[in-house]
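Trainee: What follows is a predicted structure for the sequence shown.
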Amino acid sequence: MRNLDLDLLRTFVAIADAESFAAAAQRVHRTQSAVSQQMQRLESHVGKLLMVKQGRTKRLTDDGMKLLDYARRIISLNDEANAALATRPGQTEVVRLGASNDMAENILPIMLGRIAKSHPNVLLEVRTGRSPFLMEELKKGELDLAITTRLDPNLPRIALRSSPTVWLCAADYQFERKKQLPLILSNEPSLFRALAIDALDRAHLSWRIAYLSLNLLAIRAAVRAGLGITARNIEMLTPDLRVLGEADGLPRLPDVTFYLYMRDESVDEAAQQVFETFRGMAF
């Protein structure tokens, strides 16, 4: 039985994630022609066409999709084995992880559990905060990894989850569609603030700011107190809140994507391994 080449699989996964040979070449630190040659070798090895050109991007064939799942698992197991053997008993590696407040209650616990299982010798230093500030800390070198809603194409990133953005109010809130909308918002800069105001302005609906805060817990408290409505990801919905929508006369809001970012390729090996652990995982 033939053995699959890990280097070829890594390049294949990079192409699948970046959707182009040029972007994948930067990720795997090879020339574009070398990446193309690697894919020719991999397709020759498996005897299948793995991807086809679609405009300026590369689209996986059915066989390519099938191999991609196996490739991710093979790479993950390989890296996990190397990490386990490279670490001496009792030795710990510190990885500084920042997480946006929105994800502290859902994605973060799942991630922490998986990191503890696959990297038992990694000591996580976790900080929570707002996405724009976490990105600043990441670029300054104060964090190794960060989970945020910001999109920065210049940093290595993995899309963890896309979530619906919804209008939330207290369960007993009396919504009056003909009155000016009282909004509960974060201070700027805030993605959800921008999404809410943009959607209302496009729909020509009148609004006012009823409550402002930098703190997500304070925003949640204000919504529960019935001070107004807010726009947040669906994960913020709890039994004491309810969703307002198009049936209530409110515009639909776009989904938001939560990304795991790595500062750059110069971070410690432990941070790189933690980062790669989540490539292709579903949350």
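Mentor: Here it is on my side, so go on.

Trainee: give me the element residue 212 is part of.
Mentor: strand 207-213 (DSSP states H and E).

Trainee: Provide the contact partners of that strand at residue level.
Mentor: 180-187, 197, 200, 219, 222, 227-228 (Cβ atoms under 8 Å, 6 or more residues apart in numbering). Just so you know, the C-beta spots here come from the backbone N, C-alpha and C atoms, and that holds for glycine as well.

Trainee: try 6 Å
Mentor: Here strand 207-213 makes contact (Cβ atoms under 6 Å, 6 or more residues apart in numbering) with 180-185, 187, 200, 219, 222, 227-228.

Trainee: What of stretch 217-233?
Mentor: 102, 163, 165, 167-170, 173, 182-184, 192, 195-196, 210-211, 213, 240, 253, 256.

Trainee: Check which residues of stretch 250-270 are buried.
Mentor: 250-251, 253, 256, 258-263, 267, 270 (16 or more other Cβ atoms under 10 Å).

Trainee: I meant to write stretch 39-50 there.
Mentor: So for stretch 39-50, counting by 16+ other Cβ under 10 Å, buried means 39, 42-43, 46, 50.

Trainee: How about stretch 218-232?
Mentor: 219-220, 222-224, 227-232.

Trainee: Could you list which of those belong to helices?
Mentor: Mapping those onto helices (DSSP state H) picks out 219-220, 222-224.

Trainee: between these, which is closest to residue 33?
Mentor: residue 219 (51.4 Å; Cβ to Cβ).

Trainee: Please list the outside residues in contact with stretch 155-163.
Mentor: Against stretch 155-163 from outside (Cβ under 6 Å, 6+ apart): 233-234, 255-262, 278-279, 283.

Trainee: returning to what we had before: kindly reformat the buried residues of stretch 250-270 as TSV containing secondary structure.
Mentor: Formatted as TSV, these follow (DSSP: H, G, I helix; E, B strand; the rest coil):
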residue	secondary structure
250	coil
251	coil
253	coil
256	strand
258	strand
259	strand
260	strand
261	strand
262	strand
263	coil
267	coil
270	helix
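
Trainee: what's the host helix or strand of residue 273 packed up against?
Mentor: Using DSSP H and E, residue 273 falls within helix 269-277. Applying 3 or more Cβ pairs under 6 Å, 6 or more residues apart in numbering; DSSP states H and E, we find helix 269-277 packed against helix 62-86, strand 93-100.

Trainee: In that helix, which residues are buried?
Mentor: Quick answer for helix 269-277 (16+ other Cβ under 10 Å): 270-277.

Trainee: So which of these is the closest to residue 58?
Mentor: Distances from residue 58 to those, taken by Cβ to Cβ, are shortest for residue 276, at 20.8 Å.

Trainee: before we move on, the earlier item: quick check: the farthest pair among the ones in helices among the buried residues of stretch 218-232?
Mentor: Once Cβ to Cβ is applied, those give 219 and 224 as the farthest pair, at 9.8 Å.
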